[in-house]
Every structure is written in structure tokens, then in C-alpha cells.
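Trainee: Prediction below, plus the sequence it came from.
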Amino acid sequence: APGVMDRICSMEHEYGMQAAWSNEIMECPLPVAYDKVHSLLHVNLRNHLRNGAQMYIDCCHLEAAMPECRGPRSAVLYDQAMSRIVMGMAARHDVMIFKNNVDYYGASFGCHENYHCAAENVMSEAAAANIDEPLAYVAQLMVPFLVTRQIFAGSGRVVGRQFHLSQRSSVISAVADYKITMCRPIFHLKNETHSTKGFRLHIIVGHSNMSEYSNWLKIGTTCAVVEMIESGYLRSTLAMSNPVGMLHQVNREGPDSLISLELNGKHQRFSAIDVQSWFVEKAVEFYAAQKQVSVEIQDVLVGWFSVLKALKCEPESLSTKLDWAIKKEILQKAGPQDREKIDMQYHLLAPEGLYYCLRDVMKLERIVTDADIEYAKDVPPQTRATARTGLIHLLESMGREVIGVDWSTVRYIEGKEQRTIFLGDPSSTEIDL
């Protein structure tokens with residue numbers, strides 16, 4: 001079996017910022033910080049980086065979108081590479097940049113996940129279920145998984161004297177919506193496919209993970225659930241009558257939180273761990289029936305199962321793996337006056353950021369190496385990102401002016417005419433001129 005999970009996926013991060021010369025971590029002179037970073041970027045053209053990622057100002061915040069990756073390890077690698085790039089930018093321009101989901105002024109910063117789905121497969125499954133919109137069909141089946149995924153994917157948050165699993169869950173106000181500026185849904189239903197080979201599943205409830213392991217498990221388990229739905233294996237699921245309410249409840253109460261669900265027509269109460277156990281058991285059954293299973297998905301299934309077992313029996317053992325568990329371990333040793341500062345400092349993208357200090361001292365779980373991260377800062381993954389960056393270099397070497405770059409298009413000037421080259425397959429490294 002091949003070693004890599006063959007699923008195109010990526011993430012987008014919105015970053016919080018403040019001027020580095022501010023004396024108080026809670027003080028946030030954002031206009032100064034934004035002006036500094038904005039001066040680095042073209043206003044009207046997304047900056048396409050050497051590794052195939054894009055960085056831009058969106059709705060007055062800095063945002064970075066990873067290149068198209070193949071499988072969870074690649075996604076973690078390029079997520080770490082983007083963090084390194086942002087760290088370098090912050091150091092050069094006297095700003096502090098945070099990879100977090102919320103600040104203490106009420107501002108929310110997203111981590112959006114993208115998964116490529118085969119359109120034909122999902123459309124036929126949706127039609128069989130009498131659902132017109134394939135995205136809505138996938139969303140319906142995934143809701144219980146995503147509501148409870150925060151028990152291992154949450155990045156942890158101090159809320160007064162309480163500790164919540166997730167920074168992101170508390171700002172979610174809808175299950176699905178076509179607009180995400182007025183509300184924060186679990187799913188974004190806008191059909192921006194960026195592909196001729198399928199469609200993009202756009203998940204808004206993502207967590208800005210510092211931990212490589214949390215990030216890897218978050219993406220890997222989601223890839224597995226998407227594959228079960230796409231193949232038609234997962235056609236029915238646990239039903240939730242109030243997903244947003246359940247999301248907030250699990251966030252507050254933790255992995256043992258009991259939520260009301262419907263299974264086989266009967267209303268029952270399950271813990272969040274039980275819900276995830278239901279999904280991992282389905283995944284084990286599904287992949288056991290496949291002729292070939294990648295090493296990567298085998299690792300994900302083992303990790304998924306072992307984390308759920310630890311959450312039940314020995315949650316303290318996860319304090320080197322999961323963001324919320326790492327953060328909670330540190331906070332238990334801190335005074336009440338320091339808790340919010342520690343929470344914020346954990347997400348600081350700088351060598352002196354708390355996460356990076358803890359990573360070495362506590363020997364936190366790693367997925368990728370520092371050498372691989374440095375390589376990924378400059379070299380795209382073997383997906384459409386390679387084709388796109390190669391095309392840009394080719395056009396520039398031929399003296400053509402590149403005037404616009406998006407995920408699936410590159411626009412340039414040929415003589416006096418504007419031309420566009422389409423790159424429709426997110427998994428292909430080839431350029432079809």
C-alpha cells in the first residue's frame with residue numbers, strides 16, 4: 001500500500017497582531033501592527049509564495065493560505081512552514097503575530113480547513129438521499145464528528161476562572177451558511193470549487209493548533225470521515241437536534257460531556273468520547289474492507305483510537321500531544337493573574353513564544369522535522385502547487401508580466417492581450433498549456 005493518504009487538503013489561518021513595543025500583552029494597537037505588515041504585501045494581488053502558499057490582507061487582518069497538500073502529514077508540514085515564514089516577517093518588522101482563534105477584545109480569527117471531494121461520487125450519494133446540494137449532504141453526516149472533534153483538536157482557552165477545550169467553538173453560531181462575515185458557521189456552503197475535478201469542503205470550525213500532533217490528528221481523522229462519506233460507506237450517522245448548542249456544551253464541559261443524540265430512531269445520551277469512538281469504529285471497519293490502506297491512514301487510526309482511550313483512562317498522559325492538554329498542564333501551575341497572559345503567549349509565533357519553549361522542555365510530540373520545515377518554506381508539495389509555481393517562473397523567465405494568481409488560474413500579459421491559464425486538477429503537478 002502507498003505510504004501517503006491520497007486526499008488533497010489545506011488550511012487558511014487568520015492571525016492576530018500587536019506592535020512588539022507594547023508593554024502589555026493585553027494592549028492591542030492593531031492599526032500600527034496592520035500598517036507594518038500591510039506594507040509588505042501588494043494590496044490588489046495575492047502574494048504567491050515560493051512554496052505555493054498565498055499570503056494577503058483580508059478584512060483588515062493578515063491571512064495565509066497553505067498550498068494544496070496531499071494528506072495530513074504534508075498539511076502539518078506546510079502549516080509549520082507558514083508559521084516559520086510569519087515568524088520571520090514578525091521579527092523583521094517589529095510586530096508580534098499570534099496564531100490563535102480569539103483575543104480578549106472579542107475579535108475572532110479563523111482557521112479554515114479545505115478538503116477536496118470527488119463531485120460525481122458525492123452528488124450520486126446526495127441524490128440517493130434526496131438532498132439537492134452535495135455540500136449540505138456531507139455537512140449533515142459530518143456534524144456529530146465535528147462537534148465532538150474538539151476533544152482532541154481544541155487549542156484550549158482561559159475564560160475567567162474556567163478552562164474550555166476550544167477557542168473557536170464559542171464563536172460558532174450556525175451549522176451551515178453561505179456567508180461567513182455575519183455569522184460563524186461550522187460549514188461554509190459557498191461553492192468555490194477551485195477545481196474541475198470535484199468540489200471543496202470548507203470547514204470553518206477549525207482550531208488554530210500549535211501542536212503538530214493535534215493538527216495531524218485533526219486533519220487525518222477528518223480526511224478519513226470524508227473518505228467514508230465520499231465512498232458511500234457512511235450514509236447514516238448520529239443525529240443531533242441542536243448541533244451548535246452541543247458544540248458549546250462540549251467546549252465547556254470537556255470530553256465526558258453527555259449530549260443527546262438519535263441513533264437508529266432512538267434518543268440516547270452519549271459522551272463526546274463515545275461519539276468519536278463510534279466514528280473511529282466505523283473507520284476501522286471501512287478500511288479493513290479495502291484492498292490497500294496507506295501507512296498514513298493506519299497511523300491516523302492508531303492515533304485516533306489511542307487518544308480516545310487515553311481521554312477515558314489517563315487524560316494527563318496527553319499533556320505532550322494535545323494543545324488543550326498541554327496548555328491546561330501549564331495553567332495549573334500558574335497564578336490566577338497570569339492565566340490569560342499564558343493563554344495568549346502560548347500562541348505567539350516567535351522563538352520566545354511559550355509553545356516553542358515548551359516543545360523542547362516538555363519534549364512535545366512532533367510529526368515533522370525542523371529540516372523538513374525549512375525545506376517546505378521554499379519548495380511546494382507535489383500537487384497543483386508545483387504546477388502553479390513552475391508556471392509563474394516559466395512565464396517570468398519568458399518576460400511575461402504575471403498580473404494575477406489564484407489557486408486554479410494564472411493571468412498574464414502576452415503582447416497587448418491578457419491571457420489566462422487554468423489549472424483545474426488540484427492533485428496534478430502538470431501544466432496543460
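Mentor: On my side now, so go ahead.

Trainee: is it true that Ser428 touches Ala387?
Mentor: Yes: shown here, Ser428 and Ala387 form a contact pair, counting by Cβ atoms under 8 Å, at 6.3 Å. For every residue, glycine as well, the C-beta is placed using N, CA and C.

Trainee: The two: which is more packed in?
Mentor: The neighbour count for Ser428 versus Ala387, taken as other Cβ atoms under 10 Å, is higher for Ala387 (23 against 16).

Trainee: Would you check that that one makes contact with Leu423?
Mentor: Yes: at 5.6 Å, Ala387 counts as touching Leu423 under the criterion of Cβ under 8 Å.

Trainee: overlap in contacts of the two?
Mentor: Here Ala387 and Leu423 have Ile431 as joint contacts, going by Cβ atoms under 8 Å, 6 or more residues apart in numbering.

Trainee: What ranges does the stretch 151-300 of the chain have for its helices?
Mentor: 212-231, 243-253, 272-288, 295-313 (DSSP state H, counting those that start in this stretch).

Trainee: Please identify the deepest-packed of those.
Mentor: Comparing those by mean neighbour count (mean count of other Cβ atoms under 10 Å), helix 212-231 ranks first with a mean of 24.

Trainee: any weak-confidence spans in this protein?
Mentor: The model of the chain has pLDDT under 70 over residues 1-4, 20-46, 59-60, 104-106, 181, 433.

Trainee: cutoff 50 now
Mentor: 1, 23-32, 42-45 (pLDDT under 50).

Trainee: Mind naming the longest strand for it?
Mentor: Ranked by number of residues, the top strand in the chain under DSSP state E is strand 8-19.

Trainee: Would you mind pulling up the elements that it packs against?
Mentor: helix 30-38, strand 61-65, strand 69-70, helix 72-92, strand 95-98, strand 111-118, helix 212-231 (3 or more Cβ pairs under 8 Å, 6 or more residues apart in numbering; DSSP states H and E).

Trainee: JSON lines for those, including distance to Ile403?
Mentor: Listed next are the helices and strands packed on strand 8-19 as JSON lines, based on distance: least, Cβ to Cβ, whole Å:
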{"stretch": "helix 30-38", "distance to Ile403": "20"}
{"stretch": "strand 61-65", "distance to Ile403": "19"}
{"stretch": "strand 69-70", "distance to Ile403": "27"}
{"stretch": "helix 72-92", "distance to Ile403": "24"}
{"stretch": "strand 95-98", "distance to Ile403": "29"}
{"stretch": "strand 111-118", "distance to Ile403": "25"}
{"stretch": "helix 212-231", "distance to Ile403": "33"}
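
Trainee: Nearest to Gln382, out of these?
Mentor: Of all these, it is strand 69-70 that lies closest to Gln382, at 6.9 Å by Cβ to Cβ.

Trainee: returning to what we had before: closest one to Val122 among the helices of the stretch 151-300 of the chain?
Mentor: Taking Cβ to Cβ, helix 212-231 is the member of the helices of the stretch 151-300 of the chain nearest to Val122, at 5.8 Å.

Trainee: report the angle between the axes of the closest one and helix 272-288?
Mentor: For helix 212-231 against helix 272-288, the angle by axes from the mean of the first three to the mean of the last three Cα atoms, to 10 degrees is 60 degrees.

Trainee: Cool, thanks, signing off.
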